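Visitor: please work out how this folds:
(chains A, B, C and D)
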Number of protein chains: 4
Amino acid sequence: MLPQTSRAGGFATSSERDDAVRFPRSEDGCICRWLAYSGSPVLLEELLYNRQNSLIVQSLHSRLGAEETNGDGFGVGWYGEQKTPGVFRSIEPAWNDRNLRELSGHIESGLVFAHIRASTGSPVQQTNCHPFRNGHWLFMHNGFIDGLHEIKRDLALAVDPSLYSEIEGTTDTELMFYLALTFGLKDDPPQAVARTVGLVESTGREHGVEFPFQGTIATTDGECIWAFRYSSKGDSRSLFYSTDLATLRELYPDNELLRDLDDESRLVVSEPLGDLPGAWNEVPESSYGVIQPGQDEMHPFTPITDTVGAAR
Amino acid sequence: MLPQTSRAGGFATSSERDDAVRFPRSEDGCICRWLAYSGSPVLLEELLYNRQNSLIVQSLHSRLGAEETNGDGFGVGWYGEQKTPGVFRSIEPAWNDRNLRELSGHIESGLVFAHIRASTGSPVQQTNCHPFRNGHWLFMHNGFIDGLHEIKRDLALAVDPSLYSEIEGTTDTELMFYLALTFGLKDDPPQAVARTVGLVESTGREHGVEFPFQGTIATTDGECIWAFRYSSKGDSRSLFYSTDLATLRELYPDNELLRDLDDESRLVVSEPLGDLPGAWNEVPESSYGVIQPGQDEMHPFTPITDTVGAAR
Amino acid sequence: MLPQTSRAGGFATSSERDDAVRFPRSEDGCICRWLAYSGSPVLLEELLYNRQNSLIVQSLHSRLGAEETNGDGFGVGWYGEQKTPGVFRSIEPAWNDRNLRELSGHIESGLVFAHIRASTGSPVQQTNCHPFRNGHWLFMHNGFIDGLHEIKRDLALAVDPSLYSEIEGTTDTELMFYLALTFGLKDDPPQAVARTVGLVESTGREHGVEFPFQGTIATTDGECIWAFRYSSKGDSRSLFYSTDLATLRELYPDNELLRDLDDESRLVVSEPLGDLPGAWNEVPESSYGVIQPGQDEMHPFTPITDTVGAAR
Amino acid sequence: MLPQTSRAGGFATSSERDDAVRFPRSEDGCICRWLAYSGSPVLLEELLYNRQNSLIVQSLHSRLGAEETNGDGFGVGWYGEQKTPGVFRSIEPAWNDRNLRELSGHIESGLVFAHIRASTGSPVQQTNCHPFRNGHWLFMHNGFIDGLHEIKRDLALAVDPSLYSEIEGTTDTELMFYLALTFGLKDDPPQAVARTVGLVESTGREHGVEFPFQGTIATTDGECIWAFRYSSKGDSRSLFYSTDLATLRELYPDNELLRDLDDESRLVVSEPLGDLPGAWNEVPESSYGVIQPGQDEMHPFTPITDTVGAAR
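Guide: Coordinates of the predicted model:
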């Protein structure tokens, strides 16, 4: 009979089967997308849904709906009048979520993180959806830690003991966030992320993983946005930032939207949106950018590996 | 400012916006998929997940996961030792649903309906997921009623008043199911479906809809499966049935699975699965098939339009 | 064997079993709770969570969490800078919903409807959660239509055909909302609700239901709130409104919150909140109140039964 | 203004607020319920829903629905023809879950674990619902670890490194399950649970917690059920097992169900079900029972504290 035949050679446990069917642990498995916005206060729907042909508005939504497996939950974080940002996360596909649609039409913010998740194995649950929050910081990520299953415990041990119990989910991203917090994210984000990635790389390599880290990371304190692009292999997920508004206005003098945004408005995205030539600039390999009041910055990014102890 | 600008010319209500963004009411909007199996009892996972390269098993799952917008809920109906079939429906994407994975590894059945939904506008909720059940009958559908919004009330009025309150959801499919029940589905399925489609066509045309019906329908009483292919335009969604086992065994003498299934085992699917040449046969336009103990049948399908009253 | 024994005398269909187990169609079955607030803009959390011992704040939440079966979904509607109110509805128990917690801490509004649902039979799904919205109107309800299953079709037929397809869920409340819209809710709410209740009563009685309607209803256009208390039996669910602020300040001169709210701030609730003597006034049987800029009003409520046709 | 006033003295972070509102970390906070059945194969609905007045059947359901806060998810594990048990878990309140209702009417099993959860702080998500599974073992629990937040990391470090990454959720129960697996659950369940509870107690006391453990635990390998009752305080959650069938038949000679079950059929429950005098026997404080083929057993239970190292 069919069932017996197909199970000949030993019964696959349900979790083994799950692995086979659902969890492509390859580099290509994770195709999250994210967007970070800083600038004039806008309704979230302008960033997430509105499909008018303009710089900001060129739709993330078409991608939200069209990307084949970006249906494993989503999240939006925004800063309003409260110091702590609001976070709305859901395990439904973003394109189905009526509450997201509602909120996007009623919440206005000048600093927004949005993320659509494609799981590479972690359960689809609210506590695994980006962005993650600690105090008034947000953190999100597109990529993965190769060999996570083998090194997860070592990484968890490196998290500050006082923070350990705050971890709510099971993703590599949240773990990296808590490592970064351990390494001083709130004081020096680039250094903390560099030490986090460094620890991931050194721990992975101890376990025989050739290219432990891959991805882009964004974090914010509500004032500045830091966006990182790096992979152990030197072949990182893409990362783009928008051209400054003054230049764009010269390029597109008839675009009304460009006139309405202030000069500091800026988007950072995992993939270029829309089709305005000149609107998007790729963040180079092994770099990070800082979106901040005044002049934005771009710097090279190099992981820091502690020589003494793994974590401290 | 951006928001005002983009909303110039009047505020779009949330539902209007929803329409614009989410609800492509075109013919191509609905890309549900379904599968009906009759034959030797198999674990559901053999039909839904197992990826071995064989006739039955060739994976629906790869399609489940890969099809870009088949993430608007799913359902499985199966007949076991109870007279009434079991139905498991969920609004999560099928590829994420751990409970479906679990149940598929523990429930065995010789008659299974499975459906993956891509909404064309109805809310994503359990009561809108196929298959629908009434008594020991199941019903599912891939397609749509064009102009449903305009003719829904007329169709609902044609449902037998004693059945009206049983309707739980808001899909065109459930409505057609209750129309078919009104028209005697349990006594004569082909005639009941023909009258249902006829009513949809005549009502639609009264409202100026050129091609009111499009799709494939499957229904079962737990013994036989009736599968219909029809569209007002004469350009219907596809429908395939599997070649009889005896022939397949000759074609593929080394295939173990084919040896293990009984001769009556048969699949009907909205899209061909796998790549065994000779395994799939297209149901012709405007036809319906009957999978039953003994000889299966294929007949032409013609909608029946009542000349006297819309419903009776 | 046990299963056979227990099913002796005929197999209960799943829906029959559901009825037996889950659906107490008695008058006591529905114990929804709702709250309507109008006044100085407050964070939703002040209304929904904050437990400080003050007029507004005295916790709805303790009841939200403690009421044994108020776990069948909830909803919040609020008016902000947009003309159309936002609506957030979820099928999780309110006390579990992290997104509600988040949003409540970030959304401020001067007109809020909140509802916790205890289903009396309708499926627990977002489209069955109150408040319901049409254009910029909201509508919610605590109570039920006795014999709904028998009269649902007749009521649905009385809905304006152009509105019929807008109905998304399956509750008695949404149906009454669309009847009220049919009867001119947007022009004359008291008259439209009176005709709606009248139709429910006359239709129910035609079907032998002694006391067809029971409950309280609240509706708003974003400016005024109309709150109704009525039952066919003359023994209605309770309804309370808060004492005017000026009087409360005299009663509680030390209460800081009372000083911070403007004189027009008012709550209407299905059950009295908190324990400030003098804070709550019961709406009399068969009455409705109007919370509006300027003087609030209280009037007797009498259903209007059309003498000519059921609906028009 | 109201919001500012109420937040005077510093902004409460969302998680702080959550604590205040939702997380009563008192001993009385956790009121999970569970049921373990071993005996003649029965439909799950006989154990979970059927309300006939008989030993097994006396309804858990009335309690499922009536218990005020047992709405934070549920789970059912059952053994069928597969070696690995099936597990169905959901975050909806059990009384709302239509899929549970369906499955219960179609799945038959001779060994069932069922659990209704009332969260004491962990997020309501599928990976936090009992029973937990590893290989063909199931594990569930009613109670809590006092001071979990402080000792969670220490306990997690004591989990076998090869098992650490298998932990999917964030509950104390799953953590204890993995500790028990670390301590040899699959070879010697009583000893493994004793070492687990011992570690919880010693670690808790190192952190100043007076009574670290409280609760009842059930675990099974599909053949036997081990059920433990213990608390550090000597005042444990209740635990009952059913009287042997032969005795019950003498007590209730007219009860048909009792005639249909085999002599080995037995229930263990966190709270007595139904009202048959003589049907339930309380498991004494600091004891554990073994339900197994042949003679059941009852033994005293004493935590084992390793003198050398906490975990090994």
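Visitor: can stretch A:244-252 be found next to chain B?
Guide: No: figure legend: stretch A:244-252 not in contact with chain B (Cβ under 8 Å from any Cβ of the partner chain); closest approach 11.8 Å. Where C-beta positions appear, they are placed from N, C-alpha and C, glycine not excepted.
Visitor: ranges for the helices of chain A?
Guide: Assigned by DSSP state H, chain A shows helices spanning A:2-7, A:14-22, A:44-48, A:61-66, A:98-104, A:148-158, A:161-164, A:172-182, A:189-206, A:245-251, A:256-260.
Visitor: can you put the ones you listed in a markdown table and add distance to chain D, mean neighbour count and mean pLDDT?
Guide: What follows is the helices of chain A, written out as a markdown table (distance: least, Cβ to the nearest Cβ, whole Å; neighbours: other Cβ atoms under 10 Å in any protein chain shown; pLDDT from 0 to 100):
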| stretch | distance to chain D | mean neighbour count | mean pLDDT |
| --- | --- | --- | --- |
| helix A:2-7 | 9 | 18 | 28 |
| helix A:14-22 | 6 | 17 | 32 |
| helix A:44-48 | 19 | 25 | 81 |
| helix A:61-66 | 23 | 17 | 35 |
| helix A:98-104 | 16 | 22 | 89 |
| helix A:148-158 | 4 | 20 | 94 |
| helix A:161-164 | 4 | 14 | 95 |
| helix A:172-182 | 11 | 24 | 96 |
| helix A:189-206 | 13 | 22 | 97 |
| helix A:245-251 | 33 | 14 | 80 |
| helix A:256-260 | 30 | 18 | 70 |
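Visitor: for D:Glu201, find the nearest of these.
Guide: Across the helices of chain A, D:Glu201 has its closest neighbour in helix A:161-164 (20.1 Å, Cβ to Cβ).
Visitor: could you check whether stretch A:125-136 is close to chain C?
Guide: Yes: judged by Cβ under 8 Å from any Cβ, stretch A:125-136 and chain C are in contact via A:Gln126.
Visitor: distance between that stretch and the chain's centre?
Guide: Averaging C-alpha positions (Cα atoms, centre = their mean, to the nearest Å) puts stretch A:125-136 11 Å from its chain's average.
Visitor: is that stretch positioned near chain B?
Guide: No: Stretch A:125-136 is not in contact with chain B by Cβ under 8 Å from any Cβ; minimum separation 9.9 Å.
Visitor: go through that stretch and flag the buried ones.
Guide: A:125-134, A:136 (16 or more other Cβ atoms under 10 Å in any protein chain shown).
Visitor: can you get me a residue count around the closest residue to A:Pro41 other than its chain neighbours?
Guide: Nearest non-adjacent residue to A:Pro41, counting by Cβ to Cβ, 6 or more residues apart in numbering or on different chains: A:Gly110, 4.3 Å away. Look at A:Gly110: counted by other Cβ atoms under 10 Å in any protein chain shown, it has 17 neighbours.
Visitor: check A:Asp188 too.
Guide: Neighbours around A:Asp188, by other Cβ under 10 Å: 12.
Visitor: can the helices of chain A go into JSON lines with extra columns for distance to C:Val76?
Guide: Formatted as JSON lines, the helices of chain A follow (distance: least, Cβ to Cβ, whole Å):
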{"stretch": "helix A:2-7", "distance to C:Val76": "49"}
{"stretch": "helix A:14-22", "distance to C:Val76": "35"}
{"stretch": "helix A:44-48", "distance to C:Val76": "17"}
{"stretch": "helix A:61-66", "distance to C:Val76": "25"}
{"stretch": "helix A:98-104", "distance to C:Val76": "10"}
{"stretch": "helix A:148-158", "distance to C:Val76": "37"}
{"stretch": "helix A:161-164", "distance to C:Val76": "33"}
{"stretch": "helix A:172-182", "distance to C:Val76": "28"}
{"stretch": "helix A:189-206", "distance to C:Val76": "35"}
{"stretch": "helix A:245-251", "distance to C:Val76": "36"}
{"stretch": "helix A:256-260", "distance to C:Val76": "31"}
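Visitor: closest one to C:Asn99 among those?
Guide: helix A:98-104 (7.0 Å).
Visitor: the closest one near chain C anywhere?
Guide: Yes: using Cβ under 8 Å from any Cβ, helix A:98-104 reaches chain C at A:98-99, A:102-103.
Visitor: how far away is the residue nearest the centre of chain A from chain C?
Guide: Central residue of chain A (Cα atoms, centre = their mean): A:His141, 2.5 Å from the mean position. Applying Cβ to the nearest Cβ, to the nearest Å, the value for A:His141 to chain C is 20 Å.
Visitor: where's the closest residue to that residue other than its chain neighbours relative to chain B, distance?
Guide: Leaving out its chain neighbours, the residue that sits closest to A:His141 by Cβ to Cβ, 6+ apart is A:Thr173, at 4.1 Å. Going from A:Thr173 to chain B by Cβ to the nearest Cβ gives 18 Å.
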